[in-house]
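Asker: build the 3D model from these lines:
(2 chains)
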Amino acid sequence: MEKFKKLTSSIVPLPIENVDTDQIIPARFLKAVNKEGFGDNLFADWRYNKDGSPKIDFVLNNSQFIGSILVAGKNFGSGSSREHAAWAIAGYGFKVIVSSFFADIFRNNALNNGVLPVMVSPEFLSEIFYDLQSNSAMTLTIDLENQTITNNVNRKSEKFEINPYKKECLIKGLDDIDYLLSKKDLIESYEKSID
Amino acid sequence: MNLQSQKSPSGKFNGLTLFDKIWDAHVVSSIENGPTILYIDRHFCHEVTSPQAFDGLRVRGLKVLRPEKTTMTADHNTPTIDQDKPVTDPISRNQLDTFSKNAAEFNMPLFYPLGHPNNGVVHIIGPENGFTQPGTTIVCGDSHTSTHGAFGAIAFGIGTSEVEMVLATQTVLQTRPKTMRITFNGNLNSSVTAKDLALYMISKLTTGGATGYFVEYAGEAIRNMSMEERMTVCNLSIEMGARGGMIAPDETTFAYVQGREFAPKGKDLERKLSYWKTLQSDENAVFDKEYSFDAADIQPMITYGTNPGMGMGINDYIPEIEKIDEAGRISFLKSLEYMGFKPGEQLLNKQVDYVFLGSCTNGRIEDFRLFANYVKGKKKAEHVVAWLVPGSWKVENQIREEGLLEILTDAGFKLRQPGCSACLAMNDDKVPAGKYAVSTSNRNFEGRQGPGARTILAGPLVAAAAAVAGCIFDPRG
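Answerer: Predicted structure coming up:
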């Protein structure tokens, strides 16, 4: 997994609430047996017309908004446990998702793929959408070590929460399986205790 | 309705919840300030969320640690006709072949491909074959794994990285969720089903209302439910964001489990039963949050929007825009526009084009009994396309044995073969753009049942009424 410490980037806004995993990656794209290529179908039904041409009013097709931070309305990633949603977001090139609320399983899946979900207050979120109206190239800075997110237009910063273990995994680029494999003795002695 | 929520004091010298008891018994180790290594008793696995996990094992040169603790069934990406013939879509076929190859390469003993008598929707075959047992931890790369909580188990959905963790180590890393109890006092009115109860609850709590929590369902209405009804309620826990939902096991649970193929038997059963009987929340247990509802307030439900929280009684009106939080208005209107509905509108008598009976939510025998009982002696509306998809071959057999097939056939319905089908429309069972489907499944998201499809979630009785009337129709007449 790629290491993550600090990022400053322009943003892609998606001011919609309850963006579910069926929107992030529709089920018909789940037939693959590897993790490649999902980025091309990220938000497929909002992004493309039936004939495959881009829908010009969708934000991913608007060259004004380019960046590796996706900013979305509350309750992002609800629905299915499909990790394909996280693969699509990572595959497209997003490193951070900012929202005022995330669904549980999606948040885990994102972290397991090196994508950082940053939960901000509803006010912080609406200020981003507000500042964006006059400055489409505005940037945010995410500092993982200090757990801060900064709106570089109004200069306001906010602290965000992350589990210390997950934070270390992201900073060092380690994944959970490496960790669990190192605990095999503990697992085997647990199994003996329940026999 | 009595909607109250209370935060508890954080001390734990109160009694233990059912969740605490099972969780604590499965902790291998805890990382300081971090997640817990949680031992998994049963892992269910299907073809869509597992190939990349098996690939991961290959890349790392790992074996499956406990192959006998994983049950594999093909269900999501499978056709519901002609299952004896090769699957026509080459990409789907490749995924199913990959599933079979992985089962063979990793020596997985519990593998139920298409055509196997134990094949069917993963959350249906688990309980019906006795894999699902009280007091256990259960995971699957599928969010509706919460279904198995009906037996008094900690059951939750996981992503593919976590599927790989379970295959490699029989554990997952999990942060302990908070606990919530939802109590349903009194009893449900007649013609109100477990599905209606769940849709009602989600409409009150919203789709994110239980995020971060593990829910225990309690109260008279839950106690009086059959196991299948309890499964429907627990199944939908994820639709309000909950990590999972559970119900304390009781005589109803023990009677259901006993005698099934993989259920404990003899001395082992006696030993387990005495443990299972200890599995309920202590009287002085404190939950992080509590809600209570009166079951008698619940009507047959339908949804009008594009998430399961947008539900209402079948005779109710879609909320006016003024009733919606300002921050949510854009999403609300976008949702209604997709559905072709207006704020303030009533949906009774709206034409319905498709009806889907099935899925891990409502694909069990009791759902087919309810549906068949309603349509008995009536006729399907001519313009309605109805997909009746049993959750498993065992359910299918029972439909035949009980004479339900005859009733359904006489009323103009056909039965398809088991699978997830139109619930997520990965196969050919897609509702065309713009068409209305009354569906007993679990999600009404945009495009869930096919690009542009408009889903109205409901229970099996409302679905039966819609299939006969050809429109949204109150099954109480």
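Asker: any idea how many residues pack against the residue nearest to A:Glu36 when sequence neighbours are not counted?
Answerer: Setting aside the residues directly before and after it, A:Glu36 is nearest to A:Gly91 in space (C-beta to C-beta, 6 or more residues apart in numbering or on different chains), at 7.6 Å. Any C-beta I mention is one placed from the backbone N, CA and C, and that applies to glycine too. Look at A:Gly91: counted by other C-beta atoms under 10 Å in any protein chain shown, it has 19 neighbours.
Asker: you'd agree A:Gly91 is up against A:Asn34?
Answerer: No. Taking C-beta atoms under 8 Å as the contact criterion, A:Gly91 and A:Asn34 are not neighbours in contact, 11.3 Å apart.
Asker: what sits closest to the closest residue to chain B within chain A if chain neighbours are left out?
Answerer: Among the residues of chain A, A:Tyr165 lies nearest to chain B; the distance is 3.0 Å by C-beta to the nearest C-beta. Closest residue to A:Tyr165 in three dimensions, ignoring its sequence neighbours and counting by C-beta to C-beta, 6+ apart: B:Gly34, at 3.0 Å.
Asker: sec struct for the one you found, please.
Answerer: Three-state call for B:Gly34 (DSSP: H, G, I helix; E, B strand; the rest coil): coil.
Asker: next, the contact list for B:Thr70, please.
Answerer: Under the criterion of C-beta atoms under 8 Å, 6 or more residues apart in numbering or on different chains, the contact list for B:Thr70 reads B:His43, B:Phe44, B:Cys45, B:Val64, B:Met108, B:Leu110, B:Val166, B:Leu167.
Asker: in strands, which of those residues appear?
Answerer: B:His43, B:Phe44, B:Cys45 (DSSP state E).
Asker: how near is the last one to A:His84?
Answerer: Spelled out, it's B:Cys45. The spacing between B:Cys45 and A:His84, counted by C-beta to C-beta, to the nearest Å, is 16 Å.
Asker: next: the second one.
Answerer: Look at B:Phe44 and A:His84: by C-beta to C-beta, they are 18 Å apart.
Asker: quick check, pLDDT for residue 104.
Answerer: In the absence of a named chain, chain A is used. What the model reports as pLDDT for A:Asp104 is 92.
Asker: meant chain B actually
Answerer: On the pLDDT scale, B:Ala104 gets 98.
Asker: helix/strand/coil for it?
Answerer: Secondary structure of B:Ala104, reduced to three states by three-state DSSP: helix.
Asker: the residue nearest to A:Tyr165: neighbour count?
Answerer: Taking other C-beta under 10 Å as the criterion, the count of residues near B:Gly34 is 17.
Asker: likewise for the one 10 residues further on?
Answerer: The criterion is other C-beta under 10 Å. On that basis, B:Phe44 has 25 neighbouring residues.
Asker: separation between it and A:Val71?
Answerer: Here B:Phe44 is placed at a distance of 36 Å from A:Val71 (C-beta to C-beta).
Asker: what does B:Gly358 give?
Answerer: Taken as C-beta to C-beta, the spacing of B:Gly358 relative to A:Val71 amounts to 38 Å.
Asker: tell me which of these two has more neighbours.
Answerer: Neighbour comparison, B:Gly358 and A:Val71: the larger count goes to B:Gly358, with 32 against 23 (by other C-beta under 10 Å).
Asker: for B:Thr253, see how far away the closest residue to that one other than its chain neighbours is.
Answerer: In space, not counting the residues next to it along the chain, B:Gly358 is nearest to B:Val389; the distance is 3.4 Å by C-beta to C-beta, 6+ apart. When C-beta to C-beta is applied, the distance between B:Val389 and B:Thr253 equals 27 Å.
Asker: who's more crowded, the two?
Answerer: Comparing B:Val389 with B:Thr253 by neighbour count (other C-beta under 10 Å), the higher total belongs to B:Val389, at 25 against 22.
Asker: the longest helix along chain A: what's the following helix or strand?
Answerer: With DSSP state H applied, the helix covering the greatest number of residues in chain A is identified as helix A:122-134. The first helix or strand that comes after helix A:122-134 along the chain, using DSSP states H and E, is strand A:139-143.
Asker: which positions in the stretch 351-477 of chain B make contact with chain A?
Answerer: By the rule C-beta under 8 Å from any C-beta of the partner chain, the part of the stretch 351-477 of chain B lying against chain A is B:Leu424, B:Ala425, B:Met426, B:Arg443, B:Phe445, B:Glu446, B:Gly447, B:Arg448, B:Pro451.
Asker: columns pLDDT and neighbour count on top of those residues, output as JSON lines?
Answerer: Compiled in JSON lines, these are given as follows (pLDDT from 0 to 100; neighbours: other C-beta atoms under 10 Å in any protein chain shown):
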{"residue": "B:Leu424", "pLDDT": "96", "neighbour count": "27"}
{"residue": "B:Ala425", "pLDDT": "95", "neighbour count": "25"}
{"residue": "B:Met426", "pLDDT": "95", "neighbour count": "26"}
{"residue": "B:Arg443", "pLDDT": "98", "neighbour count": "28"}
{"residue": "B:Phe445", "pLDDT": "97", "neighbour count": "27"}
{"residue": "B:Glu446", "pLDDT": "97", "neighbour count": "23"}
{"residue": "B:Gly447", "pLDDT": "96", "neighbour count": "25"}
{"residue": "B:Arg448", "pLDDT": "97", "neighbour count": "28"}
{"residue": "B:Pro451", "pLDDT": "95", "neighbour count": "17"}
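Asker: alright, calling it a day.
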